[in-house]
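Chemist: model this:
(2 chains)
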Number of protein chains: 2
Amino acid sequence: MSQYHPVRFVDVRLEGEFWKERLDTVLARTIPSQHKKLTEYGYLNSLKLPNPPPPLRFPRHANGFTVQVFWDSDIGKWIEAAAYALSHKRDADIEAKIEAIVDDFEKAQAPDGYLNCWYLGREPEKRWSNMRDNHELYNAGHMLEGAIAYYETTGRRRWLEVMERYVEHIRQNFGTAPGQKRGYCGHQEIELALIKLYHLTKEKKHLELAAYFINERGNPNPHYFDVEREEREKKGWEWQRYVQGTYEYSQSHKPVREQDKVVGHAVRAMYMYTAMADLAVELNDAGLKAACETLWKDVMETKMYVTAGLGPSAHNEGFTFDFDLPNQTAYAETCASVALIFWAQRMLHLDLDGKYADVLETALFNGALSGLSRDGEHYFYMNPLESNGTPTRWDWHTCPCCTMNVSRLVASVGGYFVSTAPDGIAFHLYGGISSKLDVGGTEVAVREVSNYPWSGDIAIEIDPAVEKAFEVKLRIPGWCKGATAKVNGEAVRLTPVNGYASISRSWKRGDKISLELPMPVERVYANPHVVMDVGRVALTRGPLVYCLEEADNPGGTVQRFKLPRQSEIAVKQSNLFDGIIQLTAGGQAVDEAEFKPLYRNAPPREAPATLTALPYYLWANRGQGSMVVWIPEA
Amino acid sequence: MSQYHPVRFVDVRLEGEFWKERLDTVLARTIPSQHKKLTEYGYLNSLKLPNPPPPLRFPRHANGFTVQVFWDSDIGKWIEAAAYALSHKRDADIEAKIEAIVDDFEKAQAPDGYLNCWYLGREPEKRWSNMRDNHELYNAGHMLEGAIAYYETTGRRRWLEVMERYVEHIRQNFGTAPGQKRGYCGHQEIELALIKLYHLTKEKKHLELAAYFINERGNPNPHYFDVEREEREKKGWEWQRYVQGTYEYSQSHKPVREQDKVVGHAVRAMYMYTAMADLAVELNDAGLKAACETLWKDVMETKMYVTAGLGPSAHNEGFTFDFDLPNQTAYAETCASVALIFWAQRMLHLDLDGKYADVLETALFNGALSGLSRDGEHYFYMNPLESNGTPTRWDWHTCPCCTMNVSRLVASVGGYFVSTAPDGIAFHLYGGISSKLDVGGTEVAVREVSNYPWSGDIAIEIDPAVEKAFEVKLRIPGWCKGATAKVNGEAVRLTPVNGYASISRSWKRGDKISLELPMPVERVYANPHVVMDVGRVALTRGPLVYCLEEADNPGGTVQRFKLPRQSEIAVKQSNLFDGIIQLTAGGQAVDEAEFKPLYRNAPPREAPATLTALPYYLWANRGQGSMVVWIPEA
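Modeler: Numbers count the residues shown, from 1 in each chain, chains lettered A, B, ... in the order given. This next block holds a predicted model:
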């Protein structure tokens, strides 16, 4: 296992242009507008117990389920996002809003610690009776993550203590002892939250409870979801149909250590793997580590979009079969890419291997970031890789999980840049940060300055409080060939091992590293088993996947273009969105106007054309229009 | 309006190899096996009233609906198919089976004529209370079509009389008079059946009832489906959720004459347009004719697969937006292509224009015929244009509408070949038929001999009882260039007008026409707005669309192939399936085995390869494997 540990998000300052813009937008626009939506849509009102709850805002689905059962989680996640934001800039108004929510939760909490406003308000007798569908522990997990983040930012303990009481209640009710329920949640999340609580408090019992939920999951004979269903039936309670054919949906079809294929609901899967990797680190559990590695290999080799989007199918919000990666109908939920970042980060701290950081970075700059609009108030739940122009970003969603997932990601992105070990510092991401790190007891101020991801020219300052020997590990991204570096102006030989180049020396104040990551445009081809992409090419530059969008290529749908294999692709500094890099290339365009019938024997006429590409994460910020990532090669 | 009228299926004898094989299979295998399935799955037992009905075989969907409400229709449609089959070869066993069903229906019929075994058996008080969802008139329509076919074949009136009593009951209950329900069926079908009854009986009242249903449909203020829903609510009856967002699903979003876009459930749409075209003919209704023409144009220019499959989406079993024709996820229900044949035939008799016959023929040989396996006992409900190899043909279906739709089509296909006018005969299809026709009071025996669709060499004998002047119209298919003909060995000049070449002369016994329809392989390209097919080509020969299937192209998925635009395509006589024409061409194949990661910068390796194509309708008769209609062009 790796000796490296992540640096807390509160200890990293974002200074680079790219992330400062996103962060400022999230602070100024996203967090406040999300609070407004939570108010407008009745979420915050749903906490005001014991008032009789208002009528359902979202009627029960035909299967008996309503999305309102997980409203607590959205509120918890908003607090988490807002708390991360506060770490960058305190804001009395936001803090007052969080405190008001905590007031409500505190008042709502039952004397025994139970705290789920759906059940407390509507059907208190039914608590813990439908773990399969009703998300109680999922809600608890997000509330707990919110409480931890709020405490870490502000030092305020009240919300954390409410949640610690709730966790205690959960601990008493779930487990293998007589009288306890041997259950676990249909939607994983509590597990990773409990591990965060363990990291904060160092109390082993939280780690053990997380391990219980992971170890119990999927045990057959009997399956817990069958046990509780039978109990519901005995009580004559309202029937709630299980919408999924199998327990693969919730990765509870078999014990987690036996799972070797990535299946089911993508977000559930990623949250679970995150907790499994966490536990593998904390418990030094080789079996869990091996399972994680097998599952990682499966998803990487057969199931991930080039944008690091996950889950092709809307049907189960998740995985189907190997190499099934349709572009226009890709589900690729924003939450799934965010959760992949969590998992990749955990894997990276199991083994400091750049392959994990590469995926983390791809998901961050593409599949996850695409979920948030430039204006910070519109979202994608689904992130298709091709569009006929009909999808638009939403300002809210029936199930707004993605909205707060992307805001909490951006507001905490600093936490993914750098890790420390007793004898070293590892830089995973670049883009302008500063931090004061602890390296084996010595404070080391670091500053990384760059215009990443637009440029691969990176300057790093290493300022230890006292001169000290340690290694600085620089991630050399998988997409990068020919990286070079200098220390204090003198070239050093880079010999990356597992994606990281080490510079070991005695560091003293004022030491400077300059790192150059050449960032040419690359063509990417998909495995031919991805039949949707045969004969097609995607363009990347650095960590960014590019797409053709109609806004840059007016005159018809962008599906009209072909890009010959031999075309030169030019890099173009653009003024769009405060300055980005676009790509242009000569290609062919089919003449859409001239082709009148639906079918004919003469091929479409083609004419030379210039193709202009834009980073994928920025699409759908200039009105509706078609978009394509995988461009046919002429 | 055209002077041409179709010749009844009972009056046309199928003699050509192609259709005789299909017909023999349907007679020997399909019809008996379908009866067996209707027995096994409890359909026939559901007619045995007033016994208490057995438990639901298919539980209610979460929305309250069960497919068992339309079991009567499946039985009616089986009788129709069986009756068509009997017209080719009487069969005492099949007739006894039909009589036994008629016994049950006759016993089940209520004293007032009502006859729906779902309602009579389970919830008699609720009849006619949910026209939106529960298919009562749809069932009646299929039962009526079955009764008419059975009478036409056998002359037996009992089943027809049962149905005439039921129609009388329907007439009394529906209409604009006080006390009548101003309703119509959520699933169109009764309309076209009533017009058939009118054709049989010449009783205007049946035509008028059909016209009432068509004219009433979609009238707002109030919408009938809202009226009846409110009535159900007043009675406190079990809630049944409407699964569709809008009434476009059932083409009742506005009055039919105002409809100008093809929307909603594809089969409902096609059945409705069929009835609209029928009524336009019978009532000389220019408004209905214009609406039909507008809708025809819409579907032909923006919504039809090259196989004449209709309806891309499983969500509504129907239409989405213009040019949305995904290949792998195509729904393209067999029933929809069968129903398109009905509509095309009606349009053809509104205006004798080959464009309608072209579509009729494409649907027949491709989108419809693909629904029935070579062995006659397996089916496709969905007819995708690309497959990764997972779909398989089913031996039955939860909703077996397609199974009997394709059997009744094959058993009655003779009815589509030829039409007569007071002064002429029009040949629409070729493939070997004989018939005795009435041309202005003169009996004219005709025989058309060919190996169509494999060959375009067609010999036609015209034998009038007495020498007589009339025109023979020969359809020159839209795909055919350079057709030539001789009469009694002497070349005649063909000048096709609207797809038909006329030969007007005085015909006498022994006159022979020979028609040559050159049938080269053609490349077909889709309109570039069909973004799924940009850069792809389909192959056709005559009326047949071809596909690449893995069985002929082993070694990987057929999506690995590219077909250069300049490749010669060879026609190859094959022994498969008792002799068919396959196509072969030189192309490239991507090396699937060599490409290991999911993505990489180097393009896949390609090697020269031979592509072998098979008629689309024959795919999936040799086990599972991938298939593709639209082949990437190199």
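Chemist: Poorly predicted segments of chain A, please.
Modeler: A:62, A:238-239 (pLDDT under 70).
Chemist: ok, what's across the strand from A:L515?
Modeler: A:L515 has these beta-bridge partners by DSSP bridges: A:I458, A:A485.
Chemist: mind listing the strands for the stretch 451-600 of chain A?
Modeler: A:457-464, A:468-475, A:484-487, A:490-492, A:500-507, A:511-516, A:521-526, A:536-541, A:544-549, A:561-562, A:569-574, A:580-590, A:599-600 (DSSP state E, counting those that start in this stretch).
Chemist: tell me what the last one is packed against?
Modeler: The one in question is strand A:599-600. When contacts are defined as 3 or more C-beta pairs under 8 Å, 6 or more residues apart in numbering or on different chains; DSSP states H and E, strand A:599-600 sits against strand B:521-526. Quick note: C-beta positions are derived from backbone N, CA and C, even for glycine.
Chemist: go on, the fourth one?
Modeler: With contacts defined as 3+ C-beta pairs under 8 Å, 6+ apart, the secondary structure elements packing on strand A:490-492 are strand A:484-487.
Chemist: what do you get for the second one?
Modeler: In terms of contacts (3+ C-beta pairs under 8 Å, 6+ apart), strand A:468-475 is packed against strand A:424-427, strand A:442-450, strand A:457-464, strand A:500-507, strand A:511-516.
Chemist: Mind putting those into JSON lines with mean neighbour count?
Modeler: Conversion of these to JSON lines gives the following (neighbours: other C-beta atoms under 10 Å in any protein chain shown):
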{"stretch": "strand A:424-427", "mean neighbour count": "24"}
{"stretch": "strand A:442-450", "mean neighbour count": "19"}
{"stretch": "strand A:457-464", "mean neighbour count": "19"}
{"stretch": "strand A:500-507", "mean neighbour count": "18"}
{"stretch": "strand A:511-516", "mean neighbour count": "19"}
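Chemist: quick one, which of those is nearest to A:E40?
Modeler: Closest to A:E40 of the helices and strands packed on strand A:468-475, according to C-beta to C-beta: strand A:442-450, at 40.0 Å.
Chemist: Now render the strands of the stretch 451-600 of chain A as JSON lines, adding distance to B:Q180.
Modeler: Formatted as JSON lines, the strands of the stretch 451-600 of chain A follow (distance: least, C-beta to C-beta, whole Å):
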{"stretch": "strand A:457-464", "distance to B:Q180": "81"}
{"stretch": "strand A:468-475", "distance to B:Q180": "78"}
{"stretch": "strand A:484-487", "distance to B:Q180": "87"}
{"stretch": "strand A:490-492", "distance to B:Q180": "92"}
{"stretch": "strand A:500-507", "distance to B:Q180": "81"}
{"stretch": "strand A:511-516", "distance to B:Q180": "83"}
{"stretch": "strand A:521-526", "distance to B:Q180": "61"}
{"stretch": "strand A:536-541", "distance to B:Q180": "59"}
{"stretch": "strand A:544-549", "distance to B:Q180": "56"}
{"stretch": "strand A:561-562", "distance to B:Q180": "59"}
{"stretch": "strand A:569-574", "distance to B:Q180": "67"}
{"stretch": "strand A:580-590", "distance to B:Q180": "55"}
{"stretch": "strand A:599-600", "distance to B:Q180": "46"}
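Chemist: just these: most buried one?
Modeler: strand A:544-549 (a mean of 27; mean count of other C-beta atoms under 10 Å in any protein chain shown).
Chemist: what angle do it and strand A:536-541 make?
Modeler: 120 degrees (axes from the mean of the first three to the mean of the last three C-alpha atoms, to 10 degrees).
Chemist: Identify all contacting residues around strand A:544-549.
Modeler: With C-beta atoms under 8 Å, 6 or more residues apart in numbering or on different chains as the test, strand A:544-549 has contacts from A:306-307, A:362, A:365-366, A:385, A:453, A:524, A:538-540, A:558, A:561, A:581, A:583, A:611-617, A:619-620, A:622, A:625-629, A:631.
Chemist: What pairs with it, parallel or antiparallel?
Modeler: Here, using DSSP bridges, strand A:544-549 pairs with strand A:536-541 (antiparallel), strand A:606-615 (antiparallel), strand A:627-628 (antiparallel).
Chemist: can you state the direction angle for that strand and strand A:521-526?
Modeler: Going by the same axes, to 10 degrees, strand A:544-549 makes 80 degrees with strand A:521-526.
Chemist: Strand A:544-549: how far from the chain's middle?
Modeler: 20 Å (C-alpha atoms, centre = their mean, to the nearest Å).
Chemist: Same check on stretch A:559-570?
Modeler: Taking C-alpha atoms, centre = their mean, one finds the center of stretch A:559-570 at 32 Å from the center of the full chain.
Chemist: can you list the residues that contact that stretch?
Modeler: By C-beta under 8 Å, 6+ apart, the surrounding residues in contact with stretch A:559-570 are A:386, A:388, A:521, A:523, A:537, A:539, A:548, A:553, A:583-592, A:606, A:609, A:611, A:626, A:628, A:631-634, B:528, B:531, B:534-535, B:603.
Chemist: now with 6 Å?
Modeler: Stretch A:559-570 is touched from outside by A:521, A:583-590, A:592, A:611, A:628, A:631-634, B:528, B:531, B:534, with contacts defined as C-beta atoms under 6 Å, 6 or more residues apart in numbering or on different chains.
Chemist: Quick check: end-to-end length of that stretch?
Modeler: Using C-alpha to C-alpha, to the nearest Å, one end of stretch A:559-570 lies 20 Å from the other.
Chemist: Then stretch A:618-634?
Modeler: Stretch A:618-634: ends 26 Å apart by C-alpha to C-alpha.
Chemist: how about the residues of the stretch 501-634 of chain A near chain B?
Modeler: A:522, A:524-528, A:531, A:534-535, A:559-560, A:590, A:592, A:595, A:598-599, A:601, A:603-604, A:632 (C-beta under 6 Å from any C-beta of the partner chain).
Chemist: do that again at 7 Å, thanks
Modeler: Contact residues (C-beta under 7 Å from any C-beta of the partner chain) of the stretch 501-634 of chain A with chain B: A:522-529, A:531, A:534-535, A:557, A:559-560, A:562, A:590, A:592, A:595, A:597-604, A:632.
Chemist: Repeat that for the stretch 251-400 of chain A.
Modeler: When proximity is defined as C-beta under 7 Å from any C-beta, the stretch 251-400 of chain A approaches chain B at A:M300, A:E301, A:T302, A:M304, A:V306, A:T329, A:N388.
Chemist: Filter the residues you listed down to the buried ones, ChimeraX style.
Modeler: Entered in ChimeraX, the line below selects the buried ones among those, by 16 or more other C-beta atoms under 10 Å in any protein chain shown:
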select /A:300,302,304,306,329,388
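Chemist: which residue does the stretch 151-300 of chain A bring closest to chain B?
Modeler: Residue nearest to chain B within the stretch 151-300 of chain A: A:R241 (5.4 Å; C-beta to the nearest C-beta).
Chemist: Tell me if I'm right that that residue and A:H61 touch.
Modeler: No. In this structure, A:R241 is not within contact of A:H61 by C-beta atoms under 7 Å, at 8.9 Å.
Chemist: Domain parsing of chain A, as residue ranges.
Modeler: A:16-191, A:217-223+A:246-386, A:418-516, A:521-632 (automatic domain parsing).
Chemist: Okay, now the last one: how far is its last residue from its first?
Modeler: Right, the one you point to is domain A:521-632. 17 Å.
Chemist: before we move on, back to that, and of the helices and strands packed on strand A:468-475, who's closest to A:R393?
Modeler: strand A:442-450 (29.0 Å).
Chemist: List the neighbouring strands of the closest one plus their orientation.
Modeler: In the sheet, strand A:442-450 lines up against strand A:433-439 (antiparallel), strand A:457-464 (antiparallel) (DSSP bridges).
Chemist: which parts of the first one are buried?
Modeler: So that's strand A:433-439. Under 16+ other C-beta under 10 Å, the buried positions of strand A:433-439 are A:I433, A:S434, A:S435, A:L437, A:V439.
Chemist: Stretch A:99-118 too?
Modeler: Quick answer for stretch A:99-118 (16+ other C-beta under 10 Å): A:101-102, A:104-105, A:108-110, A:113-118.
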